[in-house]
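J.: Just a sequence and a predicted model for now, questions to come.
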Amino acid sequence: MKKTPANEGLRRTNDPPLLILTSLASGPKHGHALAKDIAAFAGVELGPGALYGAITRLEERGLIEPLNDDDRRRPYRITEAGSASLASAIADMRRLVDVGTARLRLALGGLS
């Protein structure tokens, strides 16, 4: 039987829309540049289906918008609504981290 890490499946840091918005927060990028940036800062390799499917959904929701074509590549930028959505998601994650950290301290303190 293969042993898996205890935290496998507990982390959700590979959400394509969140990763794309985070990447675009530093400036416009085309698909390939997005994939490279996401791999660099999050260690997540998004396949073309996941990447371009999420780009389409984000564009439909008005969270990102395409810019004029740069050669054959289509760059995207985050919109004001996308920035607000990203800020809200980060605030939610921060609350979860704060509560989880406090409760873990209690749990670990109770074991001593």
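T.: Received the coordinates, thanks. Remember, predicted model here, so these are calculated numbers, not experimental data.

J.: Just confirm residue 14 is within a helix.
T.: No: going by DSSP: H, G, I helix; E, B strand; the rest coil, the assignment for residue 14 is coil, not a helix.

J.: ok, now which ones touch it?
T.: Residues near residue 14 by CB atoms under 8 Å, 6 or more residues apart in numbering: 42, 44. For the C-beta atoms, the positions are set from N, CA and C on the backbone; glycine is no exception.

J.: Do you have the helices of the protein handy? List them.
T.: Secondary structure of the chain (DSSP state H): helices located at 16-24, 31-42, 48-60, 80-111.

J.: Now do the shortest one: which elements does it pack against?
T.: What it means is helix 16-24. Applying 3 or more CB pairs under 8 Å, 6 or more residues apart in numbering; DSSP states H and E, we find helix 16-24 packed against helix 31-42, helix 48-60, strand 64-66, strand 76-78, helix 80-111.

J.: tell me the most buried of the ones you listed?
T.: With neighbours taken as mean count of other CB atoms under 10 Å, the helices and strands packed on helix 16-24 reach their highest mean count in strand 76-78, at a mean of 20.

J.: for it, packing partners?
T.: Under the contact rule (3+ CB pairs under 8 Å, 6+ apart), strand 76-78 is packed against helix 16-24, strand 64-66.

J.: quick one: residue 105 from residue 94, how far?
T.: 17 Å (CB to CB, to the nearest Å).

J.: for residue 68, same thing?
T.: Residue 68 is 36 Å from residue 94, by CB to CB.

J.: what's the distance between residue 40 and residue 21?
T.: 16 Å.
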